[in-house]
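S.K.: Got a sequence here, can you build the structure:
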Amino acid sequence: MPINIPKELPARELLRDEKIFVMDEDRARTQDIRPLNILILNLMPEKEKTELQLLRLLGNTPLQVNITFLHTATHVSKNVSKSHLDTFYSTFNDVKDNRYDGLIVTGAPIEHFQFEDVNYWDELTEIMEWSKDNVTSVMNICWGAQAALYYHFGIDKQELPKKCSGIFKHQLLEPKVKLVRGFDEEFNAPHSRYTEVSLDEIQNDPRLLLLATSEDAGAFMMMSKDGKHIMLTGHLEYDATTLAEEYDRDLEKGLNIDMPENYFPNNDVSQRPLNTWRSHTHLLFSNWLNYYVYQQTPYQWD
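M.R.: Numbers count the residues shown, from 1 in each chain. All right, here's what the predicted structure looks like:
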């Protein structure tokens with residue numbers, strides 16, 4: 001089944017080229033089914049790239065999905081036009097009276113800041129508090145995962161000696177949990193961050209379940225035992241070239257940055273990296289939509 005997105009969204013034609021079933025609002029209104037309503041709080045600077053990455057995954061299941069993009073009202077984005085935000089995005093004030101089957105909170109390149117020093121932290125905490133009663137399940141990615149762990153569970157992030165960037169092997173710890181159904185016992189995932197969360201704190205919190213970890217990248221996938229909050233410290237949604245683009249950007253800024261680990265073939269930056277995590281990414285999003293959203297959300301919200 002398709003994802004329902006606005007007709008003029010730039011990602012639309014790219015998704016069609018990839019044979020992702022896309023439906024516009026006019027046709028969606030004629031479908032006599034109950035679609036899932038998914039809210040995406042996009043905190044990434046290059047919002048159009050993140051839109052494409054997430055829509056590609058949400059459009060690859062048998063479920064019809066309506067998408068609403070959300071941006072913060074208390075922060076001015078520098079890498080996306082105001083017209084794009086005005087046309088395709090809402091603010092929290094626009095949606096706070098609605099209820100959603102799922103919410104995705106993306107990462108953001110602001111890890112050096114304490115959470116309370118982020119200029120939209122109050123707005124984000126309002127959204128996270130609202131989600132407790134108005135969203136069935138929330139997927140939190142990278143900085144979004146760290147923010148969720150801090151706000152909901154009191155687990156703070158810690159600075160790393162250097163950036164964790166690259167493709168790392170992960171070990172599956174709880175293969176019977178539905179979120180990771182079909183996962184290999186060992187799988188790859190991209191990471192791109194300057195901070196981490198404590199493995200011990202997660203394992204010792206009775207409200208949390210650690211699903212996957214990496215010897216090199218630390219705690220990766222965890223969830224609240226009620227399935228309400230899912231946290232990923234990496235970026236399974238990334239394209240094959242995303243880390244290369246970030247590496248080039250950091251070099252252009254003059255940062256003393258290491259090459260992403262286990263990424264470029266033969267450590268040769270002239271060679272195109274391979275996507276070795278795509279299948280697990282699709283599995284994760286499919287499992288989340290099916291088991292934690294579709295099968296848990298009420299047919300009709302009260």
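S.K.: Alpha carbons only: can I get the longest helix belonging to the chain in CSV?
M.R.: Taking DSSP state H as the criterion, the chain has its longest helix at helix 121-134. Written as CSV, here are the backbone C-alpha positions of helix 121-134 (Å, rounded to 0.1, in the frame of the first residue of the first chain):
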residue,chain,number,x,y,z
TRP,A,121,14.3,22.1,24.1
ASP,A,122,11.2,23.5,25.8
GLU,A,123,9.2,22.9,22.6
LEU,A,124,10.6,19.4,22.2
THR,A,125,9.8,18.4,25.8
GLU,A,126,6.3,19.7,25.2
ILE,A,127,6.0,17.4,22.2
MET,A,128,7.5,14.5,24.1
GLU,A,129,5.1,15.0,27.0
TRP,A,130,2.1,15.3,24.6
SER,A,131,3.2,12.1,22.8
LYS,A,132,2.5,10.1,26.0
ASP,A,133,-1.2,10.4,25.6
ASN,A,134,-1.6,11.2,21.9
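S.K.: Pull out the buried residues from it.
M.R.: Neighbour counts over helix 121-134 (16 or more other CB atoms under 10 Å) mark 121, 123, 124, 127, 128, 130, 131, 134 as buried. Using the backbone N, CA and C atoms, a C-beta is placed for each residue, glycine as well.
S.K.: And stretch 221-235, by the same measure?
M.R.: Here stretch 221-235 shows 221-224, 227-235 as buried, counting by 16+ other CB under 10 Å.
S.K.: Which ones among the residues you listed lie within strands?
M.R.: Counting by DSSP state E, the part of these found in strands is 221, 222, 223, 224, 229, 230, 231, 232.
S.K.: Just flag the most distant two among those.
M.R.: 224 and 232 (13.3 Å; CB to CB).
S.K.: Tabulate the buried residues of helix 121-134 in TSV, adding columns for distance to residue 37 and pLDDT.
M.R.: Shown next, in TSV, are those (distance: CB to CB, whole Å; pLDDT from 0 to 100):
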residue	distance to residue 37	pLDDT
121	26	97
123	21	97
124	20	98
127	15	98
128	18	98
130	15	98
131	13	98
134	11	97
